[in-house]
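J.: quick check, what structure comes out for this input:
(2 chains)
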Amino acid sequence: MLNVTGLTAQIGKIPVLRGVDLTVNGGDTVALLGRNGVGKTSTLRAILGLLRRTGGSVVYDGRPLNDVAPHKLASMGIGYVPQGRGIFPLLTVEENLLLTVKGAPNRNMLEEMFVRFPRIQERLRQPAGTPSGGEQQMLAIARCLMLEPKLIILDEPTEGIMPKLVSQIRHEIANIAKRGISVLLVEQNLRTAMRLASRVYLMERGRIVHEGTSAGLQTNPEIVHRYLGVSLKNVKGVIQ
Amino acid sequence: MNELVLALAVNGLVWGLIVALIALGLSIIFGLLDVINVAHGDFFMLGTVGGLVVATSTGSFWIALAIVPLIGLILGAVIERLVIRPTLRQASLTIVTTFGLSMIIQEVVRATYGAQPRRMAAPIDGTIPLFGINYEIYRIAAAAFAALFLIAFFLFLNRTKLGTWIRAVRHDPETATSLGIPVTLVTAFTFALGTAMALLGGVIAAPITTVDFRSGVDILPVCFMAVIIGGLGNLQGTVAAAIMLAVLEGVVTSFVDPTTARIASLVIMSVALLVRPHGLFAGATR
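T.: Down below sits the predicted model:
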């Protein structure tokens, strides 16, 4: 579904990606992990064309994205939930939800959203900046789903969210995967990443330094410690 | 004396509504594109000149009112592509480029239309008694047009998909792009819309002001004052500030000469910004 090969990018004159290779297969949930500043968000932004690519290739559904305008990716089936949620706080919840839905919204889809995210329906007319961080994250995910994507790219979906809502967001991401939508997930919360993803990539200084299954990573504390700086023993709920 | 003050206040309100329309164009351009458009006053001037030329050649002010803003929309799109886009997101550089644009517009108008200031006949004749003076009916009509277009603008911004996209792009162009909004097109349209609003203000104002290639130089500071006092990028604040400033200047003019009244406006702006550096209406809904 998504093949990234030798992806390079720079911010100003500083290289931030030095040849990233990763693959997301159809229906797969893949996590991209690494310490702060290693290039995870830059990788996502470069895939989406929001950060100018200087080399390499991004192929989605067999089509190279090199010459595709970034705003066309949503209609090709690539959804994006950015870091910090990307909610437009002065637009209403409803305006956010239906921002780029073409024509009349799919009623069934809308009903389903309201069932899954009841708080969104309650707050439709409110400015989207007023709900809590967790509710805003739900809105960002629902807004992305309204565009009926085939691949969803999520950047730190549990960042800054109250612990009691993290499990709900994790549950929603698992539901997305169950619908057959592929997921590329950047996540600082190792427990969340390992629970959701079947495969993981670890990044270090703009490169992929480890690729493997989530289960495999759980038995490799040395790699986890070297590239993520944490001990698996401290990640509650990871080791089954 | 009291009646004169009231009449001048009404005059200020009329002018304030027109200035609000023009300043709103400046404000959306600044809010969305970070462009400090020094040529915005000259767009207003083009509206007055275009209004006079079209009204004279067609014999109808109303045709000018319909056509000139459309010309502004096209002109704005062309200028956005050739002048604004190459310097986008470099606010300080846009001052230089739009200053150059301002000079070009003024010189082109002087070379073609001429340097002689002219007056345009009001499309609606007659006066009505207002606070003891005979007040031109067209001035009331001009205020009504300006108010109508202001309402139409806010309806467009808040009730249409394109208006919602403009508000979204103002806040976060990158997320807007990732959701499928063609940000480059929305940006170009917004600049064109801001330009068209200045030309529209110019056509409405043409019968009540002097049509002169330098008239943009006079109105630009007033528009900037409205935008700054209204709270940079705050559209409702810009409208409120434009009306407030013009009414205030109108009232002060009944006691002192117009130059002193302008000085009073500048003093008020300075004091307002000292007390509230982000504008009187900062923090209100943008």
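
J.: so residue 74 is in which element?
T.: By default, I'm working from chain A. For residue A:74, the enclosing helix or strand under DSSP states H and E is helix A:73-76.

J.: wait, I meant chain B there
T.: Under DSSP H and E, the secondary-structure element containing residue B:74 is helix B:61-79.

J.: contact partners for residue B:43?
T.: Taking CB atoms under 8 Å, 6 or more residues apart in numbering or on different chains, we find residue B:43 in contact with B:25, B:72, B:75, B:76, B:105, B:195, B:198, B:199, B:202, B:216. (Glycine included, C-beta is placed from N, CA and C.)

J.: looking at these, which is nearest residue A:139?
T.: residue B:25 (32.2 Å; CB to CB).

J.: the contacts of residue B:43 in helices, which ones?
T.: Residues of those located in helices (DSSP state H): B:25, B:72, B:75, B:76, B:105, B:195, B:198, B:199, B:202, B:216.

J.: now the last one. Nearest residue, chain neighbours left out?
T.: Think residue B:216. Once flanking residues are discounted, residue B:216 sits nearest to residue B:41: 3.2 Å by CB to CB, 6 or more residues apart in numbering or on different chains.

J.: between the one helix or strand that neighbour maps to and helix B:61-79, how big is the angle?
T.: Under the assignment given by DSSP H and E, the secondary-structure element containing residue B:41 is helix B:40-58. Taking axes from the mean of the first three to the mean of the last three CA atoms, to 10 degrees, one finds that helix B:40-58 is oriented at 140 degrees with respect to helix B:61-79.

J.: helices of chain A, start to end?
T.: Secondary structure of chain A (DSSP H): helices located at A:40-47, A:73-76, A:93-97, A:107-116, A:118-122, A:133-145, A:163-178, A:190-196, A:214-218, A:221-228.

J.: what are the buried residues along the helix holding residue A:74?
T.: When burial is assessed from 16 or more other CB atoms under 10 Å in any protein chain shown, helix A:73-76 yields the following buried residues: A:73, A:74.

J.: close to chain B, is that helix?
T.: Yes - Helix A:73-76 is in contact with chain B by CB under 8 Å from any CB of the partner chain, via A:73, A:74, A:75.

J.: quick revisit: put together CSV for the helices of chain A, with distance to residue B:52 and mean pLDDT on each row.
T.: Conversion of the helices of chain A to CSV gives the following (distance: least, CB to CB, whole Å; pLDDT from 0 to 100):
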stretch, distance to residue B:52, mean pLDDT
helix A:40-47, 51, 96
helix A:73-76, 46, 95
helix A:93-97, 41, 93
helix A:107-116, 52, 83
helix A:118-122, 53, 85
helix A:133-145, 49, 91
helix A:163-178, 61, 87
helix A:190-196, 67, 86
helix A:214-218, 73, 83
helix A:221-228, 71, 78
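
J.: contact partners for the residue nearest in space to the middle of chain A?
T.: Taking CA atoms, centre = their mean as the criterion, residue A:154 is the residue nearest the geometric centre of chain A, at 1.1 Å. Residue A:154 makes contact with A:81, A:141, A:173, A:183, A:184, A:185, A:186, A:187, according to CB under 8 Å, 6+ apart.

J.: residue A:4 pairs with what?
T.: Counting by DSSP bridges, residue A:4 is bridged to residue A:22, residue A:58.

J.: surely it and residue A:19 touch.
T.: No - judged on CB atoms under 8 Å, residue A:4 makes no contact with residue A:19 at a distance of 10.1 Å.

J.: ok, now which ones touch residue B:74?
T.: Applying CB under 8 Å, 6+ apart, the residues near residue B:74 are residue B:192.

J.: which parts of chain B are helices?
T.: So, for chain B - with DSSP H - the helices run B:2-33, B:40-58, B:61-79, B:91-112, B:137-159, B:161-171, B:173-178, B:183-205, B:215-229, B:235-253, B:258-275.

J.: setting aside sequence neighbours, what's the nearest residue to residue A:200?
T.: Here the residue nearest residue A:200, using CB to CB, 6+ apart, is residue A:31, at 4.7 Å.

J.: any idea how many residues pack against that neighbour?
T.: 25 (other CB atoms under 10 Å in any protein chain shown).

J.: what's opposite it in the beta bridge?
T.: Here residue A:31 sits in beta bridges with residue A:185, residue A:200, going by DSSP bridges.

J.: contact partners for residue A:74?
T.: For residue A:74, the set of contacting residues under the criterion of CB under 8 Å, 6+ apart consists of A:80, A:100, A:147, A:149, B:178, B:179, B:180.

J.: can I get the residues you listed in CSV with pLDDT?
T.: Supplementary listing: the contacts of residue A:74 in CSV, determined by pLDDT from 0 to 100:
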residue, pLDDT
A:80, 96
A:100, 87
A:147, 90
A:149, 94
B:178, 95
B:179, 95
B:180, 95
